[in-house]
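Asks: Here's a sequence, model it:
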Amino acid sequence: MKILSNVFFKPVFLIGLLLVFGGCDLIQDTFPESDAKGKISCKVNGEAFEAAGNKSIAAMDFVVAEMEREGNTFLLTVVGVSQHDGGGALAVGFKLGGYSLADIQAGTTLTQWNYDESIIGDFEGVMGGVEERASANSDEAKYKASSNHADLMSLTVTEFDTLQKKLSGTFYFKAKDQYNGTEVEVTEGEFFNLNWTEKGSVTD
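Replies: I've put the predicted structure just below:
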């Protein structure tokens, strides 16, 4: 099976952090502009996690949402990042991929992903991921866990506005690091009022 890659981010002086949905690392070198209102919250192995959009480069937590389009197919990546009081960093997020944005409506619940190299992102459906790093300056992750290695994922869309590029919903999943075996359970997940930025070609 092909390893699924993902694009993530690195604040130039704050943290080097990846969220892995399958195993491949790709880091941007600049701090992204994140939404000023969006919020992600959940529990990670029972511990509260929260990240809110913030455009400040000194932000201790932030949310990034990005839509990639290729023809009619799409890949939406959403990630919240929060720095621990002790200096470590945790990222929680998900990816939605598919053949048409019209397939995503308020009330839609997605529970699986299906590999398809013919569309952008190489899969249709949903997958979640969690990554933790021990310190803000560490190049190594303590774990990079993905739901496609744990076979439990559920995401329900409560708002999906392609004109305003805004989404809200709920989620929960289990994730596993395929290399070191770390298992993570994400519960009570909610994302609210997230605005995505869009890139790539669009064919209507």
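Asks: Now name the helix or strand holding the nearest residue to residue 81 once chain neighbours are set aside.
Replies: Using Cβ to Cβ, 6 or more residues apart in numbering and skipping the chain neighbours, the partner closest in space to residue 81 is residue 91 (4.7 Å). Quick note: C-beta positions are derived from backbone N, CA and C, even for glycine. Assigned by DSSP states H and E, residue 91 belongs to strand 89-98.
Asks: Output the longest strand belonging to this structure.
Replies: If you go by DSSP state E, the chain has its longest strand at strand 183-195.
Asks: Let me know the next secondary structure element after that one.
Replies: strand 197-200.
Asks: name the helices or strands packed onto that next one?
Replies: Helices and strands touching strand 197-200, by 3 or more Cβ pairs under 8 Å, 6 or more residues apart in numbering; DSSP states H and E, are strand 61-70.
Asks: Now do the contacts for residue 182.
Replies: Going by Cβ atoms under 8 Å, 6 or more residues apart in numbering, residue 182 touches 142, 143, 145, 176.
Asks: If you could redo that for residue 112, that was the one I meant.
Replies: Residue 112 neighbours (Cβ under 8 Å, 6+ apart): 125, 126, 153.
Asks: Then residue 111?
Replies: So residue 111 contacts 125, 126, 153, 154, 155 (Cβ under 8 Å, 6+ apart).
Asks: Now the third one: which helix or strand?
Replies: It refers to residue 153. Assigned by DSSP H and E, residue 153 falls in strand 152-161.
Asks: for that strand, packing partners?
Replies: strand 109-110, strand 123-133, strand 166-176.
Asks: Note down every partner strand of that strand and its orientation.
Replies: strand 109-110 (antiparallel), strand 166-176 (antiparallel) (DSSP bridges).
Asks: Reformat those strands as JSON lines; add mean pLDDT.
Replies: Formatted as JSON lines, the strands paired with strand 152-161 follow (pLDDT from 0 to 100):
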{"stretch": "strand 109-110", "mean pLDDT": "98"}
{"stretch": "strand 166-176", "mean pLDDT": "97"}
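Asks: tally of neighbours for residue 48?
Replies: 10 (other Cβ atoms under 10 Å).
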